[in-house]
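# Give me a model of this one.
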Amino acid sequence: MSNLYEKRNQIVLPFLIAAFFGLFNETALNMAFVEIAKDFGIEPSTVQWLTTGYLLVLGIFVPVSSFLMQRFTTRQLFAASLTLSVIGTFIAAIAPNFSVLMIARVVQALGTAIVLPLMTTVVLLVYPAAKRGAAMGKIGLVIVFAPAIGPTLSGIILEQLSWHFIFWVTVPFLMIALFVGMRFIENVSEVRPTKLDVISFLLSSIGFGGVVYGFSISGERGTFLTTEVYIAVGIGLAALIIFIIRQLKLETPMLNVRVFKYPMFTLGVVIILAVMMTLLSVMVLLPIYLQNALILAPMAAGLLLLPGGVVNALMSVVAGNLFDKFGPKWMVLSGMLLAIISLLFLRMVDLNTSSIYIIIMHVILLIGISFIMMPAQTNGLNELPRELYTDGSAVMNTLQQVAGAIGTAVAVTIMSITQKGYDNPVVGLVEGVQNSILFGLIISIIAFIVSLFLKRVGTEQGKQPN
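Numbers count the residues shown, from 1 in each chain. Below you'll find the predicted structure:
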């Protein structure tokens, strides 16, 4: 293990690169939807499936990662993940029609579904608990910065080139990550013979897939009040309940839900869910507001949101080091206060709001989130025994994706419902954005109250003070 500690930075770097571009791909294509719809002669609602499908695959396959990490070696999973990502991205870059592009997105998402929980587990295994904060800070940088920077970079690319180049730009970086990873990554987890419980996989797929699909459809239709949404979410929730009951009865569960017996892990999950719902909803709302209310070009809108992403990247690393010294509670509470203040001011936007105002509030929001995500996640995972690391990371990564999909769908639906009540669509849009941000504000206040109960858990070096 000491040898792994010495090589930990070399081992983790390829995971960070792979995860960054996996999450970058999650949002980068959003700016190109109009161009893709024109190129392929399809409806905007159909193009939206490039993102919905990506999230569906993540929601279905991330829960299986715990089984995969017990069945296959670290190097095997990393190689499979990056190979899928490279193949999917290459196919997307040359896609001649929408069907091929949709298949490519599914392949991309499969690669991301493997690498995200694998990266978290590897960090837990190769870093001693007292130094995990700094390492998890780098993961926090990737989780927030990559999807935040996606629309900005794609906006710049689309200003000069076609949407195909969003994928061409990504391919060489993924190949570099693959080569570097196969050079430095070592097998850090214990592999044991285990079989996948097919019934559990089906229940998990129907459960998470149904919930993500249902909320995605509500966002697409602009209302929750449709039979399709009721059926999808209802079937999804029912399948998840049966899935949980089955996991508790199995001797070797596909996903060990007993991780929720650990209180700080559970609190951390709740806080992270709230943050992801708020963050991704704001990331969808602000570009819509900037382009349709303030009439900014996609590139200008993307550049306006760039400072927040850059500051968040820097502060995530700082937050990791602070966590190692001071623990999670004051950091999470401070971050929640910053997020709440930012959302209060963002709710006041109108047709005359200045660009500087948006930049400042966006920066404050992302500074706050950098102080929330990593401390809550690291503290929760630190409480788990070593044998539950794979399950804990799978649970957290799965629920992050589900929360992001739900938050985005709810925000867009609230905006659409509000907009329908106005004769002037632009005024209705602004009111809709304000109401959607109120949703994020309420979620953040609830998360702040939950954060009051956070305590620092012990480390491998011994119990640390709360």
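
# Would you mind checking the average pLDDT for the one helix or strand residue 445 maps to?
Using DSSP states H and E, residue 445 sits in helix 425-451. Per-residue pLDDT over helix 425-451 has a mean of 91.

# so what secondary structure elements neighbour that helix?
Packing partners of helix 425-451 (3 or more C-beta pairs under 8 Å, 6 or more residues apart in numbering; DSSP states H and E): helix 263-292, helix 329-346, helix 389-419. In short, each C-beta sits where N, CA and C put it, glycine included.

# got the residue ranges for the helices in the stretch 101-250 of the chain?
132-160, 164-184, 198-221, 227-249 (DSSP state H, counting those that start in this stretch).

# which secondary structure elements does the shortest one contact?
Same thing as helix 164-184. Using 3+ C-beta pairs under 8 Å, 6+ apart: helix 164-184 touches helix 8-28, helix 74-94, helix 132-160.

# Check the longest one too.
Contacts defined by 3+ C-beta pairs under 8 Å, 6+ apart place helix 132-160 against helix 8-28, helix 98-126, helix 164-184, helix 263-292, helix 298-304, helix 306-326, helix 355-370, helix 373-382.

# Measure how far the fourth one is from the centre of its chain, please.
Looking back up the chat, that one is helix 263-292. Once both centres are worked out by C-alpha atoms, centre = their mean, to the nearest Å, helix 263-292 turns out to sit 9 Å from its chain's centre.

# count of residues packed around the closest residue to residue 279 other than its chain neighbours?
Distances taken as C-beta to C-beta, 6 or more residues apart in numbering place residue 369 nearest to residue 279, at 5.8 Å, with adjacent residues excluded. Per other C-beta atoms under 10 Å, the neighbour tally for residue 369 reads 30.

# Can you give me every residue that contacts residue 369?
Residue 369 sits next to 144, 275, 279, 312, 335, 339 when contact means C-beta atoms under 8 Å, 6 or more residues apart in numbering.

# pLDDT at the third one, what is it?
Per-residue confidence at residue 279 stands at 85 (pLDDT).

# I figured it hits residue 143, correct?
No. Under the criterion of C-beta atoms under 8 Å, residue 279 is not in contact with residue 143, lying 9.6 Å apart.

# I'd like the distance between the residue nearest to residue 252 when sequence neighbours are not counted and residue 218.
Leaving out its chain neighbours, the residue that sits closest to residue 252 by C-beta to C-beta, 6+ apart is residue 194, at 5.9 Å. As for residue 194, its distance to residue 218 is 37 Å (criterion: C-beta to C-beta, to the nearest Å).

# Look at those two and report which has more neighbours.
Set residue 194 next to residue 218 and count neighbours by other C-beta under 10 Å: residue 218 wins out with 24 against 12.

# so who does residue 435 touch?
414, 415, 418.

# Switch the residues you listed over to CSV; also include distance to residue 257.
CSV is the format used below for these (distance: C-beta to C-beta, whole Å):
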residue, distance to residue 257
414, 31
415, 34
418, 37
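
# list the contacts for the nearest residue to residue 244 once chain neighbours are set aside?
Counting by C-beta to C-beta, 6+ apart, residue 257 is the residue found nearest to residue 244 once chain neighbours are left out, at 5.4 Å. By C-beta under 8 Å, 6+ apart, the residues touching residue 257 are 244, 247, 248, 391, 395.

# Which pair in those residues has the greatest spatial separation?
Taking C-beta to C-beta as the measure, those span a maximum distance of 14.1 Å, between 248 and 395.

# Thanks a lot, catch you later.
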